[in-house]
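1. fold the following, please.
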Amino acid sequence: MNVISHSADSFRNLKNTYIEAHPSMNIIFGENGQGKTNILESIWLFTGCYSFRTHKNIQLVNYSSGEAKAKLRFFAAEREQAAEMKIGKTKDIVLNGSACESPRQMLGKFRCVVFSPSTLAVVKGSPGERRKLVDIALSLIKPNYAVIMSRYLRTLDQRNALIKKISENRYDLNILDDWDEVISSLGASIIKYRLEYIENLKNKSREIYSGISSAKEEFSVGYSLGKISETQVSENKERIKEYLLNELFNSRESDLKKQYTSVGPHSDDLIVTLNGKDARIYGSQGQQRSCALALKLGEASIMGEKTGEEPVVLLDDVMSELDEGRQKFILNYLNNWQVFITCCEPSTLMRSENGKVFEVVDGTVNER
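-> Sure, this is the predicted structure:
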């Protein structure tokens, strides 16, 4: 899978930009605030996922225009394809001449993996940020996962609404029985998907981090799902469902006091460690960045294996705070994919790579 060409207009500060992409390395450089990240963001949106910077459409449109536009020609599923996007109050996408009912229809059609400064939140941030890392990857690999997750979240909202009504004595507590059956079944599917993915991610990212750190540090990632260990349930969906059903029942009184559902995949976490210690607490800024990179490059590797097509890799400000040795490893490792990478000034090492260099100045792009 690779981008053939990309254009954007009135997308944030971009002005009629056009890029004919190189099949391997595409370096996008310029001073801060010129629009480098906006190019990556407008490419990423064609995956069908939300922006990695905002969920608000209005923030994607230049203030002087009522509508942003972007076009993408890409090669996937053994053929050249074309997609167009218009962004106003909503996002409207046309794929190969046919209108998509929603951007979610693009899931699985065009796959990217993106690293940006906000990606550090998978190490430094909340459990929700780490869950999002896994959920987005799984949605791109298995679009049906996004459907299950959407159903789960709707059911969760409905159960939370019932809990509030029960606390007001408007319903009996037993009304939760049917809801718990549904939510535990959907939750078990989500957790099983996540456990299988994380087992692959654990192996891939450990190998990548070893290369990044020259085998000086031991990296590991695991999944925390409450009182039961992942090894007890990883191969058995029915055991996961049984666990969730019991925990939902046992936590009812507590949930009534808190007025929300405390058990389920919406409250699980991804555990990232370095040398056996929590990377969020004990890792340096450079180590945390390396952890996030290992997770993202591991994601790209798994995506290629599971789908049969290597994804496009988008790297925003990836090299800052990494020493020369780590930079060299990453650039060598990137040979497997088509890459779009931003920086303020291309280094000698990056200029020597096979590819193209684009300069961004005040929202316009020129090939160098």
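2. what segments of the stretch 251-368 of the chain are strands?
-> Ranges of strands in the stretch 251-368 of the chain, per DSSP state E, counting those that start in this stretch, are 269-274, 277-278, 312-316, 339-343, 355-361, 364-367.
3. could those strands go into TSV alongside mean neighbour count, distance to Ile175 and mean pLDDT?
-> Just so you know, the C-beta spots here come from the backbone N, C-alpha and C atoms, and that holds for glycine as well. Listed next are these as TSV, based on neighbours: other Cβ atoms under 10 Å; distance: least, Cβ to Cβ, whole Å; pLDDT from 0 to 100:
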stretch	mean neighbour count	distance to Ile175	mean pLDDT
strand 269-274	19	30	94
strand 277-278	11	40	96
strand 312-316	24	46	96
strand 339-343	24	51	94
strand 355-361	18	57	94
strand 364-367	16	58	96
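4. burial measure for Glu324, as a count.
-> Burial of Glu324 is recorded as 10 neighbouring residues (other Cβ atoms under 10 Å).
5. distance of it relative to Glu217?
-> Separation of Glu324 from Glu217 (Cβ to Cβ, to the nearest Å) stands at 17 Å.
6. equivalent analysis for Glu84, please.
-> 45 Å.
7. with Ile183 instead?
-> Counting by Cβ to Cβ, the gap from Ile183 to Glu217 is 39 Å.
8. of those two, which one has the most company?
-> Remark: of Ile183 and Glu217, Ile183 carries more neighbours, 26 against 16, as counted by other Cβ under 10 Å.
9. surely the more buried one meets Asp157?
-> No. The criterion here is Cβ atoms under 8 Å, and Ile183 misses it with Asp157 at 10.6 Å.
10. what about the helices in this protein?
-> 36-44, 121-124, 127-141, 143-167, 176-212, 230-233, 237-250, 252-258, 279-282, 285-307, 324-333, 348-351 (DSSP state H).
11. dump those helices to JSON lines, plus distance to Phe115 and mean pLDDT.
-> Shown next, in JSON lines, are the helices of the chain (distance: least, Cβ to Cβ, whole Å; pLDDT from 0 to 100):
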{"stretch": "helix 36-44", "distance to Phe115": "10", "mean pLDDT": "98"}
{"stretch": "helix 121-124", "distance to Phe115": "10", "mean pLDDT": "93"}
{"stretch": "helix 127-141", "distance to Phe115": "11", "mean pLDDT": "95"}
{"stretch": "helix 143-167", "distance to Phe115": "21", "mean pLDDT": "96"}
{"stretch": "helix 176-212", "distance to Phe115": "12", "mean pLDDT": "95"}
{"stretch": "helix 230-233", "distance to Phe115": "26", "mean pLDDT": "56"}
{"stretch": "helix 237-250", "distance to Phe115": "31", "mean pLDDT": "92"}
{"stretch": "helix 252-258", "distance to Phe115": "35", "mean pLDDT": "93"}
{"stretch": "helix 279-282", "distance to Phe115": "16", "mean pLDDT": "94"}
{"stretch": "helix 285-307", "distance to Phe115": "5", "mean pLDDT": "95"}
{"stretch": "helix 324-333", "distance to Phe115": "10", "mean pLDDT": "86"}
{"stretch": "helix 348-351", "distance to Phe115": "16", "mean pLDDT": "53"}
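12. ramachandran angles for the residue located most distally from the centre of the chain?
-> What lies farthest from the middle of the chain is Asn169; by Cα atoms, centre = their mean that is 41.0 Å. Note on Asn169: its backbone torsions stand at phi 60, psi 30 [degrees, to the nearest 10].
13. let me know the pLDDT of it.
-> Looking at Asn169, its pLDDT stands at 85.
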